[in-house]
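1. Got a sequence here, can you model it:
(2 chains)
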Amino acid sequence: MSNNQNTEKSRRYLNPYLGGVLLGLVLLAANFISGRGLGASGAIKSVVATSIVVVHKDAVNTMPFMAEYAESHSGSPMRSWLVFQMMGVLVGGFLSGALAGRLKLKVEHSPRITSKRRLIFALAGGILFGFGSQLGRGCTSGSALSGMAVLSLGGFITMMGIFGTAFALAYFFRKNWI
Amino acid sequence: MGPLAPYEIISENTNFLLAFFIGIAFGWVLESSGFSSSRKLAGIFYGYDAVVLKVFFTAAITAMLGLLFMSLFGWVDLDLIYVNPTYLTSAIVGGVVMGAGFIMGGFCPGTSFCGAAIGKIDAMVFIGGLFIGVYGFAFTYGWWEKMYFAKYLGEPKVSEMLGMSDGLFGLFLIIIALGMFYVAEWAEKKFPREEY
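-> Residues are numbered from 1 along each chain as shown, chains lettered A, B, ... in the order given. As a prediction, the model looks like this:
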């Protein structure tokens, strides 16, 4: 049965080492073309910055975090490399899922928990990840992965912080996953 | 000679257009590796699915080696490539908060967009949470500002900190990764679980 499973698995998803090499080449291309790594949370920050300024024009003056951001993004915060890259991620993810027959509206969760519980934890996890990505100046993509590729000490530390903490807390959330 | 955009070989608008195409490739690889599934992602923390570890470290090593060799051949100027600055306190605390978010939510920001792109409702809710978290940080920034800038070390490389060349550190990283891959393969056999 396990043989069968493996064939099924390999048909559905890329071999992880091949996927890793391809992801590494994409990251290398980003560095060669644009002189920077990949990212995700920065695009969310751009949307947040834009929305705050729309609602409250003086936000840039009254909120130091936004002022710092506006300084580094002359013009609109939406004219940002990461915003365009994340739009691409949505397209690329959709195309890959469509070709593999994985497009389906659903809540994915362990059979041992309800959809509601899964969604509550997804929301809580998202809030923490969003907050942490701002404090840590980038998420798994921008800080950990891209930082490691350029041997940044901060990238390695953030990577160990993310995975170390998740491992340390895994026992308490095991019901959600296994 | 790269990097192209900082050398102004390509215009800003071209750079943004290429960012979109790089994003397509990024999203494609993440999704086809299974990163649109939170249960696959969380598998690394229980040993039943180590795809995160394998993809993540293979990618980091591939890009690192690529940059080192391109620099060696004079194809890319590493001085013009962005190296993430190191603020020790916020790197650790931010990483810990993100780690808690990871085990609870099952996604990280990039993978949640892949999940949402193929219709995972849990991924869409996670993205909603990301926005709340970023707003929360922006509005309470005054409370964290001191921590945000604490223990600034500049832009040090790990290799410099350890007093070895980039290449030698790269070799150590590859050996460590191979060791982790070996453990990962063993764990996946020991804690098997059906595919979904």
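
2. which other helices and strands contact whatever helix or strand B:Gly115 lives in?
-> Per DSSP states H and E, B:Gly115 falls inside helix B:109-117. If you count contacts as 3 or more C-beta pairs under 8 Å, 6 or more residues apart in numbering or on different chains; DSSP states H and E, helix B:109-117 packs onto helix A:81-99, helix A:115-135, helix B:12-32, helix B:121-139. All C-beta atoms are positioned from the backbone trio N, CA, C, and that covers glycine.

3. wait, which of those is closest to B:Thr62?
-> Of all the helices and strands packed on helix B:109-117, helix B:12-32 sits nearest to B:Thr62, with 11.4 Å by C-beta to C-beta.

4. tell me the angle the helix or strand hosting B:Phe102 makes with helix A:115-135.
-> For B:Phe102, the host element (DSSP H and E) is helix B:88-105. Inter-element angle recorded for helix B:88-105 and helix A:115-135: 170 degrees (by axes from the mean of the first three to the mean of the last three C-alpha atoms, to 10 degrees).

5. excluding its backbone neighbours, what's nearest A:Leu38?
-> Distance criterion C-beta to C-beta, 6 or more residues apart in numbering or on different chains; nearest residue to A:Leu38, sequence neighbours excluded, is A:Ser141 at 4.9 Å.

6. any idea how far that neighbour lies from B:Lys190?
-> Distance of A:Ser141 to B:Lys190, given as C-beta to C-beta, to the nearest Å: 30 Å.

7. Can you tell me what sits against stretch A:162-175?
-> Residues from elsewhere that reach stretch A:162-175, judged by C-beta atoms under 8 Å, 6 or more residues apart in numbering or on different chains: A:110, A:112-113, A:121, A:140, A:144, B:44-46, B:95-96, B:98-100, B:102-104, B:108.

8. for stretch A:140-147, same thing?
-> With C-beta under 8 Å, 6+ apart, stretch A:140-147 has contacts from A:27, A:30, A:36-42, A:82, A:133, A:136-138, A:154-156, A:158-159, A:162, B:56, B:59-60, B:83-84, B:91, B:94-95, B:98, B:102, B:108-111.

9. which among those residues end up buried?
-> Among the contacts of stretch A:140-147, those buried by neighbour count (16 or more other C-beta atoms under 10 Å in any protein chain shown) are A:27, A:30, A:36-42, A:82, A:133, A:136-138, A:154-156, A:158-159, A:162, B:56, B:59-60, B:83-84, B:91, B:94-95, B:98, B:102, B:108-111.

10. What about A:Thr50, how many residues nearby?
-> If you count neighbours by other C-beta atoms under 10 Å in any protein chain shown, A:Thr50 ends up with 15.

11. The one 10 residues further on now?
-> Under the neighbour criterion other C-beta under 10 Å, A:Val60 is assigned a count of 17.

12. Can you identify the element that follows the host helix or strand of it toward the C-terminus?
-> Taking DSSP H and E as the definition, A:Val60 sits inside helix A:59-62. Once the chain leaves helix A:59-62, the next helix or strand it forms, by DSSP H and E, is helix A:64-72.

13. Give me the contacts around that next one.
-> For helix A:64-72, using C-beta under 8 Å, 6+ apart, the contacting residues are A:45, A:49, A:52-53, A:59-61, A:77, A:134, B:137-138, B:141-142, B:145.

14. Swap in 7 Å and give it another go.
-> A:45, A:49, A:52, A:59-61, A:77, B:138, B:141, B:145 (C-beta atoms under 7 Å, 6 or more residues apart in numbering or on different chains).

15. That one versus helix B:121-139: what angle between them?
-> Using the same axes, to 10 degrees: helix A:64-72 against helix B:121-139 is 100 degrees.

16. How far does helix A:64-72 sit from its chain's centre?
-> Distance, stretch centre to chain centre, for helix A:64-72: 22 Å (C-alpha atoms, centre = their mean, to the nearest Å).

17. Okay, buried residues for it please.
-> So for helix A:64-72, counting by 16+ other C-beta under 10 Å, buried means A:65-66, A:69-70.

18. Give me the mean pLDDT for it.
-> The average pLDDT for helix A:64-72 rounds to 74.

19. same check, this time on stretch B:151-161
-> Computed over stretch B:151-161, the average pLDDT equals 95.

20. Next one: it, is it in contact with chain A?
-> Yes - interface with chain A: stretch B:151-161 contributes B:153, B:155-159, B:161 (C-beta under 7 Å from any C-beta of the partner chain).

21. Roughly how far does A:Gly19 sit from chain B?
-> A:Gly19 sits 4 Å away from chain B when distances are taken as C-beta to the nearest C-beta, to the nearest Å.

22. To A:Val21, which of the helices and strands packed on helix B:109-117 lies closest?
-> Using C-beta to C-beta, the nearest of the helices and strands packed on helix B:109-117 to A:Val21 is helix B:12-32, at 9.5 Å.
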